[in-house]
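Q: Please find the sequence and the predicted model below.
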Amino acid sequence: MEFNLFYRGSLRSNGSPQHKQEIRRALHSQLKQLWELEPLKGSKSSFIGPAEDGHQDINLLEQVGAFTFAPLISSRLALAASLRITLLRPEEPGTIILQSGDIDNRLKTLFDALSVPAHANQLPGGDSPSGDETPLYCLLQDDRLISSVSVDTDRLLEQGVDKNEVVLIIHVRTKVMRHIWAAIPFL
């Protein structure tokens, strides 16, 4: 399965829990919509819906602090993800060390934001779900499930943009690591 996620906003190096949660929230609605489309739509209740007759094939939901997360890519489904990222930023093309932080640290912030936090202390203090954030949809159970990544950078052609502002197009390709029946929708 392949799809694209879009993000426009700040991407800081060494992002705080608050910053990473802002990115998670920005991607939540896109991932929620993805679960409403085929081939996932027919499998949603098997993975993240209420268990029918007390039976649920594989429960992907993860409780961290006040949040219940629903990761799409999970070791429970023997899945990994290949990411191809286009990063537009308000700096010269080819600039590897950015004024606002090197690419490696900005990518680490992004990978953390794409993932379920490992512990409640990786969430902003006192934060709780709002509106439609139960569950909060995210891409990865853990960033260790990224099997490959490539990044193309270019200039964001807008004036008056903050130095931390980026536009990201994240092309995701799911990779089945072990064939199990539950992973069929992800092929």
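A: It's in. Numbers count the residues shown, from 1 in each chain.
Q: any weak-confidence spans in the chain?
A: Low-confidence segments of the chain (pLDDT under 70): 49-57, 93-101, 187.
Q: Mind jotting down where the strands sit in it?
A: 2-10, 62-64, 67-73, 79-89, 97-98, 101-102, 136-140, 146-155, 165-176 (DSSP state E).
Q: Looking at those strands, which is nearest to Ser29?
A: Ser29 lies closest, by Cβ to Cβ, to one member of the strands of the chain: strand 136-140, at 8.0 Å. C-beta: built from backbone N, CA, C; applies to glycine.
Q: Now tabulate the strands of the chain in CSV and tack on distance to Lys44 and mean neighbour count.
A: Converted to CSV, the strands of the chain look like this (distance: least, Cβ to Cβ, whole Å; neighbours: other Cβ atoms under 10 Å):
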stretch, distance to Lys44, mean neighbour count
strand 2-10, 15, 14
strand 62-64, 16, 16
strand 67-73, 9, 23
strand 79-89, 15, 20
strand 97-98, 39, 15
strand 101-102, 37, 15
strand 136-140, 11, 24
strand 146-155, 23, 14
strand 165-176, 16, 18
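Q: Please name the residues that touch the residue nearest to the spatial centre of the chain.
A: Nearest to the mean C-alpha position of the chain, by Cα atoms, centre = their mean, lies Leu114 at 2.6 Å. By Cβ atoms under 8 Å, 6 or more residues apart in numbering, the contact set of Leu114 is 23-24, 27, 138-140, 143, 170.
Q: Can I get the strands of the chain in CSV including distance to Gly42?
A: Putting those into CSV (distance: least, Cβ to Cβ, whole Å) gives the following:
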stretch, distance to Gly42
strand 2-10, 16
strand 62-64, 22
strand 67-73, 15
strand 79-89, 17
strand 97-98, 43
strand 101-102, 42
strand 136-140, 17
strand 146-155, 25
strand 165-176, 16
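Q: looking at these, which is closest to Ala120?
A: Nearest to Ala120 among these is strand 62-64 (5.7 Å), distances taken as Cβ to Cβ.
Q: Leaving out chain neighbours, which residue sits closest to Ser10?
A: Spatial nearest neighbour of Ser10, chain neighbours left out: Asn164 (4.4 Å); criterion: Cβ to Cβ, 6 or more residues apart in numbering.
Q: State the distance from that neighbour to Glu62.
A: 29 Å (Cβ to Cβ, to the nearest Å).
Q: re earlier: among the contacts of Leu114, which one lies nearest to Pro129?
A: Arg24 (11.2 Å).
Q: This completes my enquiry, with thanks.
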